[in-house]
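Trainee: got a sequence here, can you model it:
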Amino acid sequence: MRKKSLLFILAVFAATILAIFYISPTDTNIGSGKWRLGLDLVGGSHLVYEVDMKDVVESDRSTVMAGLRDVIEKRVNLFGVSEPQVLTARSGESYRIIIELAGIKDISAAIKQIGETPFLVFAELGERKTPIELTTADGRTISAVATGGQQTFVPTELTGRYVKSAQVSRNPTTGRVEIVLNFNEEGAKIFEEVTARNVGKQLAVELDGNIITAPVVNEKISGGTAQITGTFTLKEAQQLVQRFNAGALPAPITLVSQQTIGATLGTDSLKEILFAGGIGMLLVMLFMLLYYRSLGFFACISLIIYTALVLVVFKLLFTLTLASIAGIILSIGMAVDANILIFERTREEVKKGGPKHSAILEGFHRAWPSIRDSNIATIITSLVLYNLTSSFIKGFALSLLIGVLISMFTAITVTRTLLSVFMKEKKIKASLTN
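Mentor: Here you go, the predicted structure:
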């Protein structure tokens, strides 16, 4: 048992050392990934678009907004923006899309790419040497020839301007999820002609030049209504419907606000908050050393492991903002609260007499209900904040949630294993006896 515990601790130490090198800001760190910093730290652009919903029925507006957000997120990724902030907002009858582009310098190119209404077109297999002219939903004329894999899809005259709506339905016979498309009167005629000449062939649907689905036409379809069948999950079908409705939007999105945010304030704030976080962490470690002595030393080791693991998770998966840094620093203080509860419970057991290692085990056992309940309360709070608040608070809630989860591992598992491997009876007694 002791051998397994020692191997576990060695593995944790090795992972921590690698983590420290990985998160190091120097060029010699392991791994080539860079920190993804938010708009408040590196500067960038803040854009607000207004969506004209006057021709969209009330029941479809939320779907259209979700589809637009999905399309714009894909456009933002063309600029290499990690974790783009694309939010939707509504105030009365005003619908807006808020976009934050961290680190983007060419604001004109971003506006040109983002500010166009999503363009949806149906494309058939074939060859075309010259582009064809197509009219978009907002009246723009573009030239288009699209390709997909080894096959060439040629845009037809059927575009999103002829799509009245798209919905998810379930086939009453097979029980499979389907997508139902409805065309307007003019679109129904064009769709009938397109399907007539493509029976047995694929008919691709493209949004902003990307194929979102390419079903096979089984027969000529009349009446302006069509079903797209397949092995869709409900989530996949809903996403396709959102994209159909976004591409069929009969009005453009309009840029109403544009701000270029400098990074000077963010850089200064970053230095100050990192300095404050470092001082806070040192003070917490000093308190643990002075009050709990050798036991506090192992708590400090757990705290260093905790900090390294949290930073690795953020560097690998998330964008670092001032709000998320604040959440990490707050969770540092919370990371040792479990150790304090455990040590105090252990002290009570030591005063009763008996083997000291048994006192530690009993201390962990008695402290666990309090640790569990307090951390569950924090987790629930973090989830509520993340799901019901704005992006700034979301970053704080996410970092706090990750910090709590990792702190439960380091404070319970790592500290306990360290004590069982390295602490001796006399040291335990000296550390816990006033």
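
Trainee: how far away is the nearest residue to Ile332 once chain neighbours are set aside from Ile329?
Mentor: In this structure, Ile332 finds its nearest non-sequential neighbour in Met281, 5.4 Å apart by Cβ to Cβ, 6 or more residues apart in numbering. C-betas here are computed from N, CA, C, even on glycine. From Met281 over to Ile329 the distance is 8 Å, taken as Cβ to Cβ, to the nearest Å.

Trainee: please apply the same query to Gln238.
Mentor: The gap separating Gln238 from Ile329 is 38 Å, by Cβ to Cβ.

Trainee: still on that earlier bit, gap between the residue nearest to Ile332 and Phe287?
Mentor: From Met281 to Phe287 the distance is 11 Å (Cβ to Cβ).

Trainee: so between the two, which is more surrounded?
Mentor: Met281 (19 against 15; other Cβ atoms under 10 Å).

Trainee: now do the one helix or strand the more buried one maps to: which elements does it pack against?
Mentor: Element membership of Met281 [criterion: DSSP states H and E] is helix 264-292. If you count contacts as 3 or more Cβ pairs under 8 Å, 6 or more residues apart in numbering; DSSP states H and E, helix 264-292 packs onto helix 39-42, helix 294-317, helix 322-335.

Trainee: out of the ones you listed, which comes closest to Val86?
Mentor: Counting by Cβ to Cβ, Val86 lies closest to helix 39-42 out of the helices and strands packed on helix 264-292; the figure is 12.3 Å.

Trainee: restrict the closest one to CA atoms and write it as PDB.
Mentor: What follows is helix 39-42, C-alpha atoms only, in PDB (Å, rounded to 0.1, in the frame of the first residue of the first chain):
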ATOM      1  CA  LEU A  39     -10.200  41.100 -25.100                       C
ATOM      2  CA  ASP A  40      -9.600  42.800 -21.800                       C
ATOM      3  CA  LEU A  41      -5.900  41.600 -21.700                       C
ATOM      4  CA  VAL A  42      -4.700  41.900 -25.300                       C
END
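
Trainee: model confidence over that helix, on average?
Mentor: The average pLDDT within helix 39-42 is 72.

Trainee: who does that helix touch, helix- and strand-wise?
Mentor: Applying 3+ Cβ pairs under 8 Å, 6+ apart, one finds that helix 39-42 contacts strand 94-102, helix 264-292, helix 322-335.

Trainee: mind giving me TSV with these and columns for mean pLDDT and distance to Ala188?
Mentor: Formatted as TSV, the helices and strands packed on helix 39-42 follow (pLDDT from 0 to 100; distance: least, Cβ to Cβ, whole Å):
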stretch	mean pLDDT	distance to Ala188
strand 94-102	83	29
helix 264-292	79	53
helix 322-335	79	50
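
Trainee: can I get the ones you listed in a markdown table including distance to Glu219?
Mentor: Converted to a markdown table, these look like this (distance: least, Cβ to Cβ, whole Å):
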| stretch | distance to Glu219 |
| --- | --- |
| strand 94-102 | 39 |
| helix 264-292 | 59 |
| helix 322-335 | 54 |
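
Trainee: so what's Leu309 closest to, chain neighbours aside?
Mentor: Leu309 sits nearest to Ile406 (Cβ to Cβ, 6+ apart), 5.3 Å away.

Trainee: same for the helix or strand hosting that neighbour, what does it pack against?
Mentor: Counting by DSSP H and E, the element that carries Ile406 is helix 391-408. Counting contacts by 3+ Cβ pairs under 8 Å, 6+ apart, helix 391-408 packs against helix 294-317, helix 322-335, helix 356-388.

Trainee: C-terminal to the lowest-mean-pLDDT helix or strand in the chain, what's the next element?
Mentor: None of the helices or strands of the chain scores lower by mean pLDDT, DSSP states H and E than strand 146-148, at a mean of 47. Per DSSP H and E, the first helix or strand lying C-terminal to strand 146-148 is strand 151-159.
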